[in-house]
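Q: Sequence and predicted model, in that order:
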Amino acid sequence: MNYIISANSSWVWRRIYKVKQDIAHGFVGGDWVVQPTGYTPAGCYEWLREARPPVQWSKVVWNDWVVPKHQFLGWLVAHEALNTVDKLIQYGLEVDDKCLLCGRLEERLSHLFFECQYSMRVILTMQQTTRCQFPITLDLAWWTNRGGTTVQRGVQVALLLSALYSI
């Protein structure tokens, strides 16, 4: 812990040294300041990262029933990070603001997935085919607190995210 880094050290070594300094503040006398246990990599990681409450959508998106590429799309949707036309206009691009699927209204996230006539038909057809009903909404409170068995909840999310991915 007494090592001093030299001025000509590489970027990687300087970064490792900085992490060592951060860890030194939380590790006193062989124990973690926050939790009275000996050193473990997991304890170090938990101490270094800031404790945050879990986000509401995490169990919906990171669901074992969902294909990883659909999970990533769900993560983008939850963060409203998809590059829809309204976002492209905000970035300064000059593009037509109409939805590419229906051509009627401005394309934004909520319209693209939950209001567009084309999208609604895709999701409703999927619901009819699978006989699995759920609201066509991005209401994360509903998706987080819905009832049913683990299998029912997993299938509902997998179907919704696969439909969104298809759209």
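A: Thanks, I have it.
Q: From now on I want contacts and neighbour counts done on CA atoms only, so please keep to that.
A: Noted.
Q: buried residues in the helix or strand containing Arg14?
A: Arg14 belongs to helix 11-26 when assigned by DSSP states H and E. Buried residues in helix 11-26, counted by 16 or more other Cα atoms under 10 Å: Tyr17, Ile23, Gly26.
Q: for the residues you listed, which one is nearest Ile123?
A: Ile23 (49.4 Å; Cα to Cα).
Q: and the closest one, what does it touch?
A: Residues near Ile23 by Cα atoms under 8 Å, 6 or more residues apart in numbering: Cys44, Leu48.
Q: Next one: it from Asn145, what distance?
A: 38 Å (Cα to Cα, to the nearest Å).
Q: hey, C-alpha coordinates of stretch 47-61 in CSV?
A: C-alpha atoms of stretch 47-61 as CSV (Å, rounded to 0.1, in the frame of the first residue of the first chain):
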residue,chain,number,x,y,z
TRP,A,47,-17.4,-1.2,-1.8
LEU,A,48,-16.1,0.5,-5.0
ARG,A,49,-19.4,0.6,-6.8
GLU,A,50,-22.0,3.0,-5.4
ALA,A,51,-24.9,1.3,-3.8
ARG,A,52,-28.0,2.1,-5.8
PRO,A,53,-31.5,0.7,-5.4
PRO,A,54,-32.4,-1.7,-8.3
VAL,A,55,-34.2,0.0,-11.1
GLN,A,56,-37.9,-0.9,-11.7
TRP,A,57,-37.4,-2.4,-15.1
SER,A,58,-34.4,-4.7,-14.4
LYS,A,59,-36.3,-7.9,-13.6
VAL,A,60,-38.5,-7.2,-16.7
VAL,A,61,-35.7,-6.7,-19.2
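Q: who touches that stretch?
A: 22-23, 26, 34, 71-72, 74-75, 78, 140-141, 143-144, 157.
Q: So which of those wins on neighbours?
A: Gly74 (25 neighbours; other Cα atoms under 10 Å).
Q: can I get the buried residues of helix 11-26 in TSV with distance to Leu48 and pLDDT?
A: Shown next, in TSV, are the buried residues of helix 11-26 (distance: Cα to Cα, whole Å; pLDDT from 0 to 100):
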residue	distance to Leu48	pLDDT
Tyr17	14	88
Ile23	7	76
Gly26	9	73
